[in-house]
Each structure stands twice: as structure tokens, then as C-alpha cells.
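[1] next one to model:
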Amino acid sequence: MHGVITLRDVVANVGVVLREFGAGCVVRCFVASLRRRRTTFLEIALRPKRP
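    A predicted model of the protein is given here:
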């Protein structure tokens, strides 16, 4: 385990992420996974929202 999210992680936990962090976070997680961006879930979930 390296802390980096994968598409498998996102799909397995989509319900929890949606319920706790919202649809925007789910979309950002999917985009990061599909782009194979090496990032952690917390970097995505706690990113400041754009105005």
C-alpha cells in the first residue's frame, strides 16, 4: 500500500465517498485515477473548492 488511489479503490468505495464528500469528490477521484495521476485521496478530498 502506497497511499495512492487507484480506479479499483474508487469503484469499491464510491458509495462512501459520495455520501461523505459529495459528487464533486467522486468525479475528481475518477479523473485522477483515469489520468493515472499519482495522488492520495486526501489530496483530492481536502482540496480547496474553486469559487
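
[2] remind me, longest helix of this structure?
    Scanning the chain for the longest helix, with DSSP state H as the assignment, gives helix 23-34.

[3] for the helix or strand just after that one, packing partners?
    Proceeding N to C from helix 23-34, the next assigned helix or strand is helix 41-45, under DSSP states H and E. Here helix 41-45 touches helix 23-34, going by 3 or more Cβ pairs under 8 Å, 6 or more residues apart in numbering; DSSP states H and E. Bear in mind the C-beta positions are built from the backbone N, C-alpha and C, glycine included.

[4] identify all contacting residues around the helix it packs on.
    Here helix 23-34 makes contact (Cβ atoms under 8 Å, 6 or more residues apart in numbering) with 5-7, 9-10, 14, 17-18, 39, 41, 44-45, 47, 49.

[5] check the residue most central in space within the chain and give its pLDDT.
    Nearest to the geometric centre of the chain sits residue 29, at 2.7 Å (Cα atoms, centre = their mean). Each residue has a pLDDT score; the one for residue 29 is 92.

[6] could you report the pLDDT at residue 47?
    Looking at residue 47, its pLDDT stands at 79.

[7] now swap in residue 2 and tell me
    67.

[8] what do you get for residue 37?
    84.

[9] residues contacting it?
    Residue 37 makes contact with no residue under the criterion Cβ under 8 Å, 6+ apart.

[10] ok, it to residue 15 distance?
    Relative to residue 15, residue 37 is positioned 23 Å away (Cβ to Cβ, to the nearest Å).
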